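In: I'd like to go over a predicted model; first the sequence, then the structure.
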Amino acid sequence: MKYLLSTEQMRELDRRTIKECNLSSRILMETAGKGCADLLVREFPAQMENGILILCGNGNNGGDGAVLARWLHHYGYVVTLVNIQLGNLSSETKTNFAICQSLGIKVHKVKSEKHLGWLKEMVSMHSMVVDAIFGIGFKGELEPWLKELFFYISAFAEFKVALDIPSGLNADTGNTEMAIWVDATLCIANLKLGHIIGLGREICGKLYIVDIGIPALFYEDDDNYVRLFTEKDFFPPIRISTYHKNDYGKVYIFGGISGYTGASIMAARAALRAGCGYAFVLYRKRLMSIYSVKLTEALNQPIPENPEDNLPDERALQDILSNATAVLIGPGLGKDEFARKLLEITIKFVDLPLVIDADGLNLLAENPDLYPYLAKPNVLITPHWGEFIRLAKIEKSDLQADCLRELKAFVDKYQAQVLLKSHFSIFCNREEIWVNISGNDGLATGGSGDVLSGIITSFLAQGLSISEAAINASYLLGATAEKLAKKRATASILPSDIIDNLFIKDL
Ligand SMILES: NC(=O)C1=CN([C@@H]2O[C@H](COP(=O)(O)OP(=O)(O)OC[C@H]3O[C@@H](n4cnc5c(N)ncnc54)[C@H](O)[C@@H]3O)[C@@H](O)[C@H]2O)[C@@H](O)CC1
Ligand SMILES: Nc1ncnc2c1ncn2[C@@H]1O[C@H](COP(=O)(O)OP(=O)(O)O)[C@@H](O)[C@H]1O
Ligand SMILES: [K+]
């Protein structure tokens, strides 16, 4: 597990280190800049052969850049140091520019678009460009000439490295209007949220951490950190050699409407591959022939109907569900009155772990009277961004601007437990927040979400908690897609390939 810090949390750790350890801001900057220099020499010596252009802002990020310039110069590299004069010059940064000058490293000062041509020329003349323009202090808008510079560097620089975080990228949200897209980012002290969520991972390139000596115990004092799920955290349900199939739980999944039956069938197969003892699909009577032909290991039975209105029979359905260990509703469910009634009965009366996905969420969005049931501790919802936007009644731009803020607001308002899915997925309830980044675009195929919801429900049936099931399953889905990508192009990965290769040891 790794922490993903907000800028405020990072600044607080800096403040504490300065105050409680008597390590001055200057010392931290020195450690950061020297750490970056050593890392570059270790990892990218070839990329530095034809000179390093270091672009520094006026804040402390620029100060890191000045320290880096001094050390690379000391190690014998050719360095061009530029100060882009924006905002107030921090005192440590000023001192470090002065030290550079005293060592014969010229500090080129630029501040407006009249220097744009010269800057572009410099970018083309060096084999590495280091971006130390803005760090976590970046906010607001960029002046147009800076946008043009950032675009030019992103498109034309041979090799680009960002100190702490690429300039223009918001360190709290991973959102940007224009940032410098780099090959590698040297994160000072710790990952920030913006390195991972939003567009962060795409913009930052390969991530490296540069340790500046913030004491580990400071991190333990805060339960509010967002956590990044890593391979070390993966903890699927345990297997016990003497267990009977009943001990591994019974997953009940509602079947779909005509044309969408595959969704629940994939969820059932995924649930079985994820280890549950039984999977049952409850289907609409007239689709019996499809389910009985398509399902092999999974069992199936019709949804009891009320003869008067042909809607689900509440009492009989509750009886059936009383045999379940965990329930999934949504994949291919449809949005007609029959489906709405199923959702209503399930969300109101099921107290077992319950996963609501896909059409279950679309129905929920249209029936606000059901929102209060999201506060039940057994309920997990697993929306992708489109479904979440409909549920939360927000715009896509709100989610793009700050997905974590929107997610937390929803969770607080409805006391819900949510797995918000995209190329990164966030589990959030009122106690914990986890981010998963396993996976690839091979999962961007209709049906991947059905597979995921089957795995989650299976993990719940085997005794994992809601948060454990959601984040472990999300990780497993992505890790399986990554394994498959070693053997075949991501374009050709199908949800059924994921099912067949879940938990595969070696491909
Ligand atoms: N003790 C510390 O504070 C440490 C800070 N460190 C470095 O310091 C950075 C944070 O430093 P700062 O807080 O000084 O912030 P930054 O250096 O990230 O940026 C702040 C500067 O950029 C200007 N600015 C912000 N947004 C702008 C915009 N849209 N257009 C034009 N100018 C803009 C501000 O006016 C200010 O001058 C970190 O990212 C890290 O690189 C590290 O050296 C480690 C220790
Ligand atoms: N580009 C991607 N990178 C990583 N994971 C992805 C990507 N695209 C989709 N996924 C994952 O695949 C799953 C897709 O779920 P969803 O959008 O509900 O699919 P569907 O509705 O088609 O079944 C989610 O777990 C999501 O996080
Ligand atoms: K930077």
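Out: That came in fine, so what should we check first? Numbers count the residues shown, from 1 in each chain. Ligands and ions are numbered 1, 2, ... in the order given.

In: quick one: the closest residue to Tyr283 other than its chain neighbours from ligand 1, how far?
Out: Excluding the flanking residues, the one nearest Tyr283 by C-beta to C-beta, 6 or more residues apart in numbering is Gly255, at 3.6 Å. Where C-beta positions appear, they are placed from N, C-alpha and C, glycine not excepted. With distances taken as C-beta to the nearest ligand atom, to the nearest Å, Gly255 is found 52 Å from ligand 1.

In: what about Gly255, neighbour count?
Out: By other C-beta atoms under 10 Å, the residues close to Gly255 number 30.

In: With Ile394 instead?
Out: Neighbour tally, Ile394, other C-beta under 10 Å: 15.

In: these two touch, right, it and Leu407?
Out: No - assessed by C-beta atoms under 8 Å, Ile394 is found out of contact with Leu407, at 10.4 Å.

In: Show residues contacting stretch 238-254.
Out: Stretch 238-254 has contacts (C-beta atoms under 8 Å, 6 or more residues apart in numbering) with 237, 264, 267-268, 271, 275-282, 303, 320-321, 323-331, 333, 342, 346, 454, 457-458, 460-463.

In: 7 Å instead, please
Out: Stretch 238-254 is contacted by residues 264, 267-268, 271, 275-282, 321, 323-329, 333, 342, 457-458, 461-462 when judged by C-beta atoms under 7 Å, 6 or more residues apart in numbering.

In: One more: stretch 6-15?
Out: Here stretch 6-15 has contacts from 28, 136, 171-172, 189-190, 192-193, 214, 218, 222, 225, using C-beta under 7 Å, 6+ apart.

In: after the helix or strand of the chain with the lowest mean pLDDT, next one along is what?
Out: None of the helices or strands of the chain scores lower by mean pLDDT, DSSP states H and E than helix 288-294, at a mean of 88. Following helix 288-294 in sequence order, the next helix or strand is strand 299-302 (DSSP states H and E).

In: Where does the stretch 301-450 of the chain get nearest to ligand 1, residue-wise?
Out: Ala401 (15.6 Å; C-beta to the nearest ligand atom).

In: surely that residue meets Gly174?
Out: No - Ala401 is not in contact with Gly174 according to C-beta atoms under 7 Å; the separation is 10.4 Å.

In: what's around Leu53, how many residues?
Out: Neighbours around Leu53, by other C-beta under 10 Å: 25.

In: go on, Glu202?
Out: Other residues close to Glu202 by other C-beta under 10 Å number 11.

In: Name the helix or strand for Lys483, please.
Out: Going by DSSP H and E, Lys483 is part of helix 466-484.

In: Output the following helix or strand past that helix as CSV, nothing but the C-alphas.
Out: As assigned by DSSP H and E, the chain's next helix or strand after helix 466-484 is helix 495-501. Output of helix 495-501 as CSV, limited to C-alpha atoms (Å, rounded to 0.1, in the frame of the first residue of the first chain):
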residue,chain,number,x,y,z
PRO,A,495,-14.3,-10.2,-21.0
SER,A,496,-14.6,-14.0,-21.4
ASP,A,497,-10.8,-14.2,-21.7
ILE,A,498,-10.6,-12.4,-18.3
ILE,A,499,-13.0,-14.9,-16.8
ASP,A,500,-11.1,-17.9,-18.1
ASN,A,501,-7.8,-16.5,-16.9
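
In: what about the strands in the stretch 201-350 of the chain?
Out: Remark: strands assigned in the stretch 201-350 of the chain by DSSP state E, counting those that start in this stretch are 206-210, 226-228, 250-254, 278-283, 299-302, 326-329.

In: if I pick Val123, what's in contact with it?
Out: 53, 129, 152-153, 156-157.

In: contacts for the helix holding Lys483?
Out: So helix 466-484 is in contact with 229, 234-236, 353, 380, 417, 419, 425, 427, 429, 432, 434, 436, 438-440, 442-443, 448, 451-452, 455-456, 459-460, 464, 493, 497-498, 501-502, 504, 507, going by C-beta under 7 Å, 6+ apart.

In: Out of the residues you listed, which end up buried?
Out: 229, 236, 353, 380, 417, 419, 425, 427, 429, 434, 436, 438-439, 442-443, 448, 451-452, 455-456, 459-460, 464, 493, 497-498, 501-502 (16 or more other C-beta atoms under 10 Å).

In: Which pLDDT value belongs to the residue nearest the centre of the chain?
Out: Nearest to the geometric centre of the chain sits Phe424, at 3.1 Å (C-alpha atoms, centre = their mean). Phe424 carries a pLDDT value of 97.

In: Tell me who's in contact with the spatially closest residue to it that is not a sequence neighbour.
Out: Spatial nearest neighbour of Phe424, excluding adjacent residues (C-beta to C-beta, 6+ apart): Ile437 at 4.9 Å. Applying C-beta under 7 Å, 6+ apart, we find Ile437 in contact with 196, 201, 424.

In: how far away is Ile437 from ligand 2?
Out: 8 Å.

In: pLDDT below threshold where in the stretch 401-507 of the chain?
Out: Low-confidence segments of the stretch 401-507 of the chain (pLDDT under 70): 507.
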